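Asks: What would the 3D arrangement of this be:
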Amino acid sequence: MEISTDRSVLIRDLNRSYGWELADSLTQEQLEDLLADRLNEWIRSDFNRLVQFLYRIDISEARLRVLLDENTEQDTGHLLARLVLERQWHKIKTRRQWKPDDTISDEERW
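Replies: Next comes the predicted model:
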């Protein structure tokens, strides 16, 4: 699968999972920037929402702490955006791995 198709899958997954309306045509950089802006806004104005979002998406608190400690000069929103996108990719890949193969008949599955 080519990168733009994969990115479209990621964007559709984010839209479906979190009720967003991100355009399928976004580049990886645009997607990360939009997500970083949203996360930075939550850091400034609705920290509880940010925490709930990170919990829902299942971002490792330990990994997050290490990343923030090691990158004190970088924008927190962008660091979080990269973690979020990485986690969503992992979820998509896991779903694909465990998705039943529709080409196998019911008899052969047993």
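Asks: Looking at the protein, which helix is longest?
Replies: Longest helix in the chain, counting residues (DSSP state H): helix 76-98.
Asks: and that helix, what does it pack onto?
Replies: Where contact means 3 or more Cβ pairs under 8 Å, 6 or more residues apart in numbering; DSSP states H and E, helix 76-98 is packed against helix 3-18, helix 28-45, helix 47-57, helix 61-70. Placement of C-beta: from N, CA and C, glycine included.
Asks: Could you point out which of the ones you listed sits nearest Lys93?
Replies: Counting by Cβ to Cβ, Lys93 lies closest to helix 3-18 out of the helices and strands packed on helix 76-98; the figure is 9.9 Å.
Asks: Now do that closest one against helix 28-45: the angle between them, please.
Replies: Helix 3-18 and helix 28-45 are oriented at 30 degrees to each other (axes from the mean of the first three to the mean of the last three Cα atoms, to 10 degrees).
Asks: Please shift the residue numbers so they start at 39 in all later answers.
Replies: All set: I'll call the first residue 39, so the last point we hit is now helix 41-56.
Asks: In the chain, where is pLDDT below threshold?
Replies: Along the chain, the parts satisfying pLDDT under 70 run over 39-43, 138-148.
Asks: ok, now with 50
Replies: By pLDDT under 50, the weakly predicted segments of the chain are 39-42, 147.
Asks: show me what contacts Ser55?
Replies: Contacts for Ser55 were tallied using Cβ atoms under 8 Å, 6 or more residues apart in numbering; they are Gln126.
Asks: Just the CA trace of the longest helix of the chain, in PDB.
Replies: The C-alpha trace of helix 114-136 is given here as PDB (Å, rounded to 0.1, in the frame of the first residue of the first chain):
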ATOM      1  CA  THR A 114       5.200  19.700  23.300                       C
ATOM      2  CA  GLY A 115       2.300  19.600  20.900                       C
ATOM      3  CA  HIS A 116       4.500  18.300  18.100                       C
ATOM      4  CA  LEU A 117       6.000  15.700  20.500                       C
ATOM      5  CA  LEU A 118       2.600  14.500  21.500                       C
ATOM      6  CA  ALA A 119       1.300  14.600  17.900                       C
ATOM      7  CA  ARG A 120       4.100  12.200  16.800                       C
ATOM      8  CA  LEU A 121       3.300   9.900  19.700                       C
ATOM      9  CA  VAL A 122      -0.400  10.000  18.800                       C
ATOM     10  CA  LEU A 123       0.200   9.300  15.200                       C
ATOM     11  CA  GLU A 124       2.600   6.500  16.000                       C
ATOM     12  CA  ARG A 125       0.100   4.900  18.400                       C
ATOM     13  CA  GLN A 126      -2.700   5.200  15.800                       C
ATOM     14  CA  TRP A 127      -0.500   3.500  13.200                       C
ATOM     15  CA  HIS A 128       0.200   0.700  15.700                       C
ATOM     16  CA  LYS A 129      -3.500   0.200  16.300                       C
ATOM     17  CA  ILE A 130      -4.200   0.100  12.500                       C
ATOM     18  CA  LYS A 131      -1.500  -2.400  11.900                       C
ATOM     19  CA  THR A 132      -2.700  -4.600  14.800                       C
ATOM     20  CA  ARG A 133      -6.300  -4.500  13.400                       C
ATOM     21  CA  ARG A 134      -5.000  -5.500  10.000                       C
ATOM     22  CA  GLN A 135      -2.900  -8.300  11.500                       C
ATOM     23  CA  TRP A 136      -5.800  -9.800  13.400                       C
END
